[in-house]
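A.B. asks: Quick one, structure for this:
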Amino acid sequence: MLSLRQPSAAHLARLAAAAETSELTYPELGATARPLPGGYQHGRWETDLGPYDEARFGRLADAMERWQIQLSAGLAVWPAGPVRPGLTFALALPLPAGWALAAGRVVYVTSEPGRRGFAYGTLPRHPECGEEAFHLVRAGGRLRLEIVSFSRPQHPLARLGAPAARALQRRANEAYLTGMQAYARALRP
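C.D. replies: Residues are numbered from 1 along each chain as shown. Purely as a prediction, here's the structure:
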């Protein structure tokens, strides 16, 4: 879905509510946690977020689980509360001329020593079909943000403009990395 204006929280709430009973648009639920399935474009992005410190790790992970990764990249998300398995949400991604609106569902949350994050899958009101996972990971004495995805165009406009849709996805993931780097820098003592 496209909008020429930034959608209000009420508009995103209606979009999420309308998608609440929808099924995921792909059968490979949770596949970002194992070898990625065939038939999709695969993506892997990662960045260093600085030195590991248990308190800093916890603060960054808590922020990420409250959508900070999307918010710091300029997206709007509803609801703004913490991620949890089964949560249906709506987001708005700024485009050069308007906003792309999408609905998704959190398919799993990871909370392990040295690894926290979540993955969400696409619903029918999303231009892509697939799953994306975001994890904060302890890598020796460093913190890393890792993003893994598999997707293919779902909406007819996304299929028609597949190279442009792929470029937008790449741009969004680069914005996630840059936004979380800035957020992590702000947490330094």
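A.B. asks: Might you list the low-confidence residue ranges for this structure?
C.D. replies: The chain contains residues with pLDDT under 70 at 155-165, 188-189.
A.B. asks: how about 90 then?
C.D. replies: The chain contains residues with pLDDT under 90 at 1-6, 80, 93-98, 100, 125-128, 152-173, 187-189.
A.B. asks: right, and the helix or strand after the strand ranked longest in it?
C.D. replies: In the chain, assigned by DSSP state E, the strand with the most residues is strand 98-112. Once the chain leaves strand 98-112, the next helix or strand it forms, by DSSP states H and E, is strand 115-122.
A.B. asks: May I see the buried residues of that following strand?
C.D. replies: Buried residues in strand 115-122, counting neighbours by 16 or more other CB atoms under 10 Å, are found at R115, R116, G117, F118, A119, Y120, G121, T122. No exception for glycine: its C-beta is placed from N, CA and C like everyone else's.
A.B. asks: Dump the C-alpha coordinates for stretch 139-157 into PDB.
C.D. replies: Extracted as PDB, the C-alpha positions of stretch 139-157 are listed here (Å, rounded to 0.1, in the frame of the first residue of the first chain):
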ATOM      1  CA  ALA A 139      31.100 -11.400  19.200                       C
ATOM      2  CA  GLY A 140      34.100 -11.800  21.500                       C
ATOM      3  CA  GLY A 141      34.600  -8.400  23.100                       C
ATOM      4  CA  ARG A 142      32.400  -6.600  20.500                       C
ATOM      5  CA  LEU A 143      28.700  -6.100  19.800                       C
ATOM      6  CA  ARG A 144      27.300  -6.800  16.400                       C
ATOM      7  CA  LEU A 145      24.000  -6.100  14.800                       C
ATOM      8  CA  GLU A 146      23.000  -8.900  12.300                       C
ATOM      9  CA  ILE A 147      20.100  -8.700   9.900                       C
ATOM     10  CA  VAL A 148      19.100 -11.800   7.800                       C
ATOM     11  CA  SER A 149      16.200 -11.900   5.400                       C
ATOM     12  CA  PHE A 150      14.600 -13.800   2.600                       C
ATOM     13  CA  SER A 151      12.000 -12.200   0.400                       C
ATOM     14  CA  ARG A 152      10.400 -11.800  -3.000                       C
ATOM     15  CA  PRO A 153       8.000  -9.200  -4.400                       C
ATOM     16  CA  GLN A 154       4.400  -9.900  -3.500                       C
ATOM     17  CA  HIS A 155       2.400  -6.700  -4.600                       C
ATOM     18  CA  PRO A 156       2.000  -6.300  -8.400                       C
ATOM     19  CA  LEU A 157       3.900  -3.000  -8.300                       C
END
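A.B. asks: Any buried residues in it, and which?
C.D. replies: 143-155.
A.B. asks: Closest one to D48 out of those, please.
C.D. replies: R144 (6.0 Å; CB to CB).
A.B. asks: Many thanks, we can stop here.
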